[in-house]
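Undergrad: this is a predicted model, with the sequence first.
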Amino acid sequence: MTDLPSFPFAVSEGVEPPPEYAELRRCPVLPTVRLANGREAKLATRHQDVRLVLSDPRFSRAAYEGTLFARSPESLPLITVDAPDHTRRRSAVAHAFTARRVRELAPMVEEVAKAQLAELAESGSPADLVADYTVPFTQRVMCRVLGLPEEDIPLFRQWVDPMMSAGRYPAEAVAEAHAGFQAYVAAFVTGVATDLAAGRAVQGLVADMLNPRSPERALSPVETVVMTAGMLVAGYETTSNALATVVHHLLRHPELLDRPIDPVIAEILRYVCGNATGGVPHVAMEDVELSHGQVVRAGEVVIPIPDAANRDPAVFADPDTLDFDRAENPHVAFGYGAHHCVGAELARVELRIGVTALLGTFPDLRIAAADATLRWRTDMYIRGLWELPVAW
């Protein structure tokens, strides 16, 4: 077996990407690495190449038979499904995340933020902003979007933490968590289906998936369970971690508080290395030429790395510096192409409202710990802070 670098690369505490990304961007040859399952893969690290792999239908996610996604096609998560199944499944939920619909959801998001902040104020200073605000706030939003009961929120962590593990939990614990979470979601979906069959009104996106307005949006029961589970986890795991990271940067750089919040959030999302595992493997279905004349041969695996693309100096001047005056910011933190995050607009609204409501409620908020003592999620799929101690 050829001696190849192991991938994913090790990540350090904080928000910096692995240093290998910068080295590989400068290399004209696509590097080959060894994955944890023993397979070889090429890495796409330049912005141009990452966007091409993410958007070109000549690359297939479903064709990759890795250990994580070796399941029946029907039970594949949306992130690994190709068109036309991907188009059909995404259309079943996309209407709930349009810009217009998200504007209609904004008052609900504000209501949830205010309620969570009221609980935080009542519990008193000091507090852990992750456990007491960013996680429950985003969980409650997703429960309302999907129609899940908020009283079930305390159950989620026992499943989601092992499921999002990138080496933190043993394989047996991860498998057990997946089984428990799928059973919970399946029972909920079955209950909603029973209520709908009995003529009872049910609110939320799960009910919409089970009772689509057009046949093009129809999903099987298994697909509905998989979509519900995926949206719940992706909907709060990514946003809660991003929210804590944004607040951390704002409190460490209070001069940013006078700036418009949306460009600040966008630049932090670009700058932060948010994925500890690199990216989703793709298989070339035919020969495809990338930059510098490099060809990915049919059957080869290539992994596009958005965190590397977001630091590409060919696109972002001085990419390793937080620059809140960038005229353009074509980051790919939400993905690109057909698999661009379906909930990206809702995430932006949650981040905007989550930050402004927090700082409006606690104008004297400060971090109550030195950065050197903060623990980062280096062994989880989504990077972020385990805790963010604050006081006011």
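TA: Perfect, thanks for sending it. Residues are numbered from 1 along each chain as shown.
Undergrad: that's a helix at residue 216, yeah?
TA: Yes: remark: residue 216 belongs to a helix, assigned using DSSP: H, G, I helix; E, B strand; the rest coil.
Undergrad: apart from its neighbours in sequence, what residue is nearest it?
TA: Across the structure, with C-beta to C-beta, 6 or more residues apart in numbering as the measure, the residue nearest residue 216 apart from its sequence neighbours is residue 91 (6.1 Å). In this view, the C-beta of every residue, glycine as well, is placed from N, C-alpha and C.
Undergrad: surely that neighbour touches residue 217?
TA: Yes: with contact defined as C-beta atoms under 8 Å, residue 91 and residue 217 form a contacting pair (5.6 Å).
Undergrad: out of these two, which sits in the busier spot?
TA: Set residue 91 next to residue 217 and count neighbours by other C-beta atoms under 10 Å: residue 217 wins out with 18 against 15.
Undergrad: for that one, give its distance to residue 229.
TA: Counting by C-beta to C-beta, to the nearest Å, the gap between residue 217 and residue 229 amounts to 18 Å.
Undergrad: likewise for residue 274?
TA: Counting by C-beta to C-beta, the gap from residue 274 to residue 229 is 21 Å.
Undergrad: and what of residue 95?
TA: In this structure, residue 95 and residue 229 are separated by 20 Å, where distance is defined by C-beta to C-beta.
Undergrad: now residue 115
TA: Residue 115 sits 25 Å away from residue 229, going by C-beta to C-beta.
Undergrad: higher neighbour count, the two?
TA: Comparing residue 115 with residue 229 by neighbour count (other C-beta under 10 Å), the higher total belongs to residue 229, at 23 against 13.
Undergrad: and that one, what does it touch?
TA: Listed by C-beta atoms under 8 Å, 6 or more residues apart in numbering, the contact set of residue 229 reads 181-182, 185.
Undergrad: can you add distance to residue 330 and give these back as TSV?
TA: Shown next, in TSV, are these (distance: C-beta to C-beta, whole Å):
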residue	distance to residue 330
181	35
182	36
185	35
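Undergrad: could you dump the residues you listed to a markdown table with pLDDT and neighbour count?
TA: Written out in a markdown table, the entries for the contacts of residue 229 read as follows (pLDDT from 0 to 100; neighbours: other C-beta atoms under 10 Å):
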| residue | pLDDT | neighbour count |
| --- | --- | --- |
| 181 | 96 | 20 |
| 182 | 95 | 18 |
| 185 | 98 | 23 |
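Undergrad: and those residues, which is closest to residue 268?
TA: Compare each of the contacts of residue 229 with residue 268 using C-beta to C-beta and the shortest gap goes to residue 181, at 29.7 Å.
Undergrad: my guess is residue 43 is in a strand, correct?
TA: Yes: with three-state DSSP as the criterion, residue 43 is assigned to a strand.
Undergrad: count the neighbours of it for me.
TA: Per other C-beta under 10 Å, the neighbour tally for residue 43 reads 26.
Undergrad: is it true that it touches residue 278?
TA: Yes: assessed by C-beta under 8 Å, residue 43 is found in contact with residue 278 at 7.4 Å.
Undergrad: what sits in contact with each of those two?
TA: Taking C-beta under 8 Å, 6+ apart as the contact rule, residue 43 and residue 278 both touch 7, 303, 305.
Undergrad: return the residues in contact with the second one.
TA: When you say that, I think you mean residue 303. Residue 303 makes contacts with 7, 41-44, 278-282, as judged by C-beta under 8 Å, 6+ apart.
Undergrad: now the first one
TA: Contact criterion C-beta under 8 Å, 6+ apart gives 33-36, 41, 43, 278, 303 as the residues in contact with residue 7.
Undergrad: following the helix or strand where residue 183 lies in sequence, what is the next regular element?
TA: Assigned by DSSP states H and E, residue 183 belongs to helix 171-197. Along the chain past helix 171-197, the next helix or strand (assigned with DSSP H and E) turns out to be helix 205-210.
Undergrad: just the C-alpha atoms of that following helix, please, in PDB.
TA: Listed next in PDB are the C-alpha coordinates belonging to helix 205-210 (Å, rounded to 0.1, in the frame of the first residue of the first chain):
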ATOM      1  CA  LEU A 205     -42.900  20.900   7.900                       C
ATOM      2  CA  VAL A 206     -43.200  17.200   8.800                       C
ATOM      3  CA  ALA A 207     -46.900  17.400   8.200                       C
ATOM      4  CA  ASP A 208     -46.300  19.200   4.900                       C
ATOM      5  CA  MET A 209     -44.000  16.400   3.800                       C
ATOM      6  CA  LEU A 210     -46.600  13.800   4.700                       C
END
